[in-house]
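Q: Below is the structure, and that's it, no one-letter string:
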DNA sequence: ATCGAGCATCAGATCAGCTTAACGTTTGGG
DNA sequence: CCCAAACGTTAAGCTGATCTGATGCTCGAT
């Protein structure tokens, strides 16, 4: 009988590409992974890995086997979920991954509700960029994660993961708002003073192609210094891609992840930035927020098969309850098909942007 | 992650009922099985076994988990089958279980063809009663098995196994055929001299209810001594049930498994017997064979998921080729729906017969 | 009441699998 | 062109999981 633990190593290898990465992800030494994969090949009787130089690649048989591994692991996840449902009290720990903004805005209320409903359930939160979520969910480091996806930043599907929509929010262009501004006024300057008041309702082109109108708003800032997130994060990719789509490459001055800090920097004229509504809940004075027709969609991701796990259900319920009745303009995500085959969670930042660079 | 080896123990327990039986089947000591199941319960966090006196029973959670175990093991079986397909040469050993008659009649030709087509494949044959096939397939002792099922002997479905039809043959009542017979002549005495000549085509009621006509033929022998197979075998159950359905309990004189020997005993007047056509290919003189409207269906059984394993496919092909062009009256099984969800293989001799006893 | 079947537990032995350490190879950069 | 970092493999040693064997208990049958 094929060893499922070894199949799991193979699956990780198919995602990460190198044995060293698999080892790091699953907390082993590369030696152990190498030995176990060799053993797997031995019991399979077929070559699964092709040693090419200092790198390994999966053979067709290896790729096929990964498919079976995914199926088996999914079923085991389902079994674990059913067992957890059978347990009388919902106890143990849930490891939650969340991007920084979510940790501050939507998570606290959800955790409070969770503690009220299930006192024995101990949530553990990890602040983590969505780009790292997929590997850590697969590896079992995390059980649930809040991720977001932006227009312009495609998400590649992951067979091992599943996700449900949570909310959708508009994006804003943050510029300095001073009467004697040296900044060129953005053309589409209908900017609301605070999105918390006006809400997301004033974003004109709700769902259509976000390219053209966004370009109009952005090109006015093509010569401004930009404040973006740390390279490697999804938010960094988002800003760069949006600018590329508008036809220019942003001149980056600062790398700052926290949107509160970003807005403070904008207020003192250190640059412009793109911020999502949740990151601009309480903007400092002197910042003009221009609603863009780009949106950010936040989803709840988990391992495929774990969607019925009571802890996941409880957290999902708590998160939705915390989002739905909110007076904020950001509505809950349109109750889109909550099918289990809905677009999976994002993995990592892929492929270069298709737009040309001047 | 749930340990699949332990899940396999749980599945076996659900079939066999006692830890001791599981241990014997999987070549462990009861101690090891007990420890592993305890460990499984610990990692499940729920009670899976209910210790009731000196016996264990599965809890609802345990039963549910068995369902997942079946699914996981089936998928692993599929994976193994696909890997074997990817292997260039079909080599290794196939362990085949077959009932004695099949071992002598249909298996040799198939093994010869198999050796011709796949010289590197080494078949190992175990002569075994169909009643024991299911456990041994599940345990991995066997890879493929020839089993048969009789009218009157219901087969209980087994989620872990799958099967394909191979052939169908009529049953005969064997009685002494002497001019000055002290035996009462069977009413439906149209007996062909040799079934190999007349074939199964002269059995009147092909598929209909076999009860009534069979009763007519059998009741004439209600006072004869009977020769039946060893208790515990499927063939034993078949004769007893058929007689019960005809309204009497057979007076058993001999327990003999080999149908050739049975017919020899019939020829010298030691009793009467029910024999399938394959068991009566070359009957000795002095035996009258009366065709009955009962049929025996032979199937090829294997673990669910292994249906695409090249070794299984090769053996199935060889068996079918050996049966189809045969000049014998016994046709190949009517090409009934070869769906993978066709009636699974027989397990063991179940439930008492519904017919009353005088 | 006694016996045997079945299961749990404990101590000891065995073996699979992990880590450390050392080595060969490849590849990208200076 | 050369070097250093990255990657994978192998050998040796160790640890923990798991199996065996012995013991004790409970229950049902003779």
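A: Here it is on my side, so go on. Note that the structure is predicted; figures quoted are calculated from it, not measured. Numbers count the residues shown, from 1 in each chain, chains lettered A, B, ... in the order given.
Q: can you tell me if whichever strand or helix holds residue A:61 touches chain B.
A: Following DSSP states H and E, one finds residue A:61 within helix A:60-86. Yes: counting by Cβ under 8 Å from any Cβ of the partner chain, chain B is contacted by helix A:60-86 at A:60-61, A:64-65, A:68-69, A:71-73, A:75-76, A:78-80, A:82-84, A:86. Every C-beta, even on glycine, is put in place using the N, C-alpha and C of the backbone.
Q: and the angle from that helix to helix B:60-86?
A: Angle, helix A:60-86 to helix B:60-86, by axes from the mean of the first three to the mean of the last three Cα atoms, to 10 degrees: 180 degrees.
Q: Can you give me the buried ones in whichever helix or strand comes after helix A:60-86?
A: Next in sequence after helix A:60-86, counting helices and strands by DSSP H and E, comes strand A:92-98. Buried positions in strand A:92-98, judged by neighbour count with 16 or more other Cβ atoms under 10 Å in any protein chain shown: A:94-98.
Q: now residue A:177: how far from chain B?
A: Distance from residue A:177 to chain B, counting by Cβ to the nearest Cβ, to the nearest Å: 54 Å.
Q: oh, I was asking about residue A:158
A: Counting by Cβ to the nearest Cβ, the gap from residue A:158 to chain B is 18 Å.
Q: Looking at the buried residues of strand A:92-98, spot the one nearest residue B:41.
A: Nearest to residue B:41 among those: residue A:94, at 22.1 Å, using Cβ to Cβ.
Q: Excluding chain neighbours, what is closest to the closest one?
A: residue A:311 (4.6 Å; Cβ to Cβ, 6 or more residues apart in numbering or on different chains).
Q: for that neighbour, what are its contacts?
A: The contact partners of residue A:311, taken as Cβ atoms under 8 Å, 6 or more residues apart in numbering or on different chains, are A:84, A:90, A:92, A:94, A:121, A:143-144.
Q: Kindly reformat those residues as JSON lines containing pLDDT and distance to residue A:224.
A: Listed next are those as JSON lines, based on pLDDT from 0 to 100; distance: Cβ to Cβ, whole Å:
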{"residue": "A:84", "pLDDT": "92", "distance to residue A:224": "51"}
{"residue": "A:90", "pLDDT": "82", "distance to residue A:224": "50"}
{"residue": "A:92", "pLDDT": "84", "distance to residue A:224": "49"}
{"residue": "A:94", "pLDDT": "92", "distance to residue A:224": "42"}
{"residue": "A:121", "pLDDT": "91", "distance to residue A:224": "47"}
{"residue": "A:143", "pLDDT": "94", "distance to residue A:224": "41"}
{"residue": "A:144", "pLDDT": "96", "distance to residue A:224": "38"}
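Q: Narrow these to those that are buried.
A: Buried among those by 16+ other Cβ under 10 Å: A:84, A:90, A:94, A:121, A:143-144.
Q: Closest one of the residues you listed to residue A:296?
A: For the buried ones among the contacts of residue A:311, the minimum distance to residue A:296 (Cβ to Cβ) is 18.9 Å, reached by residue A:144.
Q: Could you pull up the contacting residues of the residue in the stretch 251-358 of chain A that chain B sits nearest to?
A: Closest to chain B within the stretch 251-358 of chain A is residue A:305: 10.0 Å, counting by Cβ to the nearest Cβ. Listed by Cβ under 8 Å, 6+ apart, the contact partners of residue A:305 are A:73-78, A:81, A:162.
Q: out of the residues you listed, which is most surrounded?
A: Counting neighbours by other Cβ atoms under 10 Å in any protein chain shown, residue A:162 comes out on top of the contacts of residue A:305 with 26 neighbours.
Q: That one falls within a helix, correct?
A: No: Residue A:162 is assigned strand when assessed by DSSP: H, G, I helix; E, B strand; the rest coil, not a helix.
Q: Isn't it up against residue A:308?
A: No: Residue A:162 lies out of contact with residue A:308 (Cβ atoms under 8 Å); the separation is 10.6 Å.
Q: joint contacts of the two?
A: Between them, residue A:162 and residue A:308 share no contacting residue, judged by Cβ under 8 Å, 6+ apart.
Q: residues making contact with the helix or strand where residue A:108 lies?
A: Using DSSP H and E, residue A:108 maps to helix A:107-117. For helix A:107-117, the surrounding residues in contact (Cβ under 8 Å, 6+ apart) are A:96, A:98, A:121, A:123, A:125, A:146, A:314-315, A:318-319, A:321-322.
Q: Kindly supply the ChimeraX command isolating those of the residues you listed that are buried.
A: Buried subset of the contacts of helix A:107-117, written as a ChimeraX selection, criterion 16+ other Cβ under 10 Å:
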select /A:96,98,121,123,125,146,314,315,318,319,322
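Q: Columns distance to residue B:271 on top of the contacts of helix A:107-117, output as a markdown table?
A: Converted to a markdown table, the contacts of helix A:107-117 look like this (distance: Cβ to Cβ, whole Å):
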| residue | distance to residue B:271 |
| --- | --- |
| A:96 | 76 |
| A:98 | 81 |
| A:121 | 72 |
| A:123 | 76 |
| A:125 | 80 |
| A:146 | 79 |
| A:314 | 71 |
| A:315 | 73 |
| A:318 | 77 |
| A:319 | 77 |
| A:321 | 79 |
| A:322 | 82 |
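Q: Next step: the contacts of helix A:107-117 restricted to helices.
A: In this view, those that belong to helices under DSSP state H are A:314-315, A:318-319, A:321-322.
Q: and which of those residues is nearest residue A:102?
A: residue A:319 (9.1 Å).
Q: so that closest one makes contact with residue A:298?
A: No: with contact defined as Cβ under 8 Å, residue A:319 does not reach residue A:298; the gap is 9.2 Å.
Q: returning to what we had before: just checking, the residue of the stretch 251-358 of chain A closest to chain B is part of a helix?
A: No: under three-state DSSP, residue A:305 sits outside any helix and is assigned coil.
Q: Distance check, it against residue A:165.
A: Going from residue A:305 to residue A:165 by Cβ to Cβ, to the nearest Å gives 19 Å.
Q: ok, for the residue of chain A most remote from its centre, nearest residue in space, not its chain neighbours?
A: Centroid-distance maximum for chain A: residue A:45 at 39.1 Å, with Cα atoms, centre = their mean. Using Cβ to Cβ, 6+ apart and skipping the chain neighbours, the partner closest in space to residue A:45 is residue B:87 (5.4 Å).
Q: what does residue A:171 give?
A: Closest to residue A:171 by Cβ to Cβ, 6+ apart is residue A:294, at 4.2 Å.
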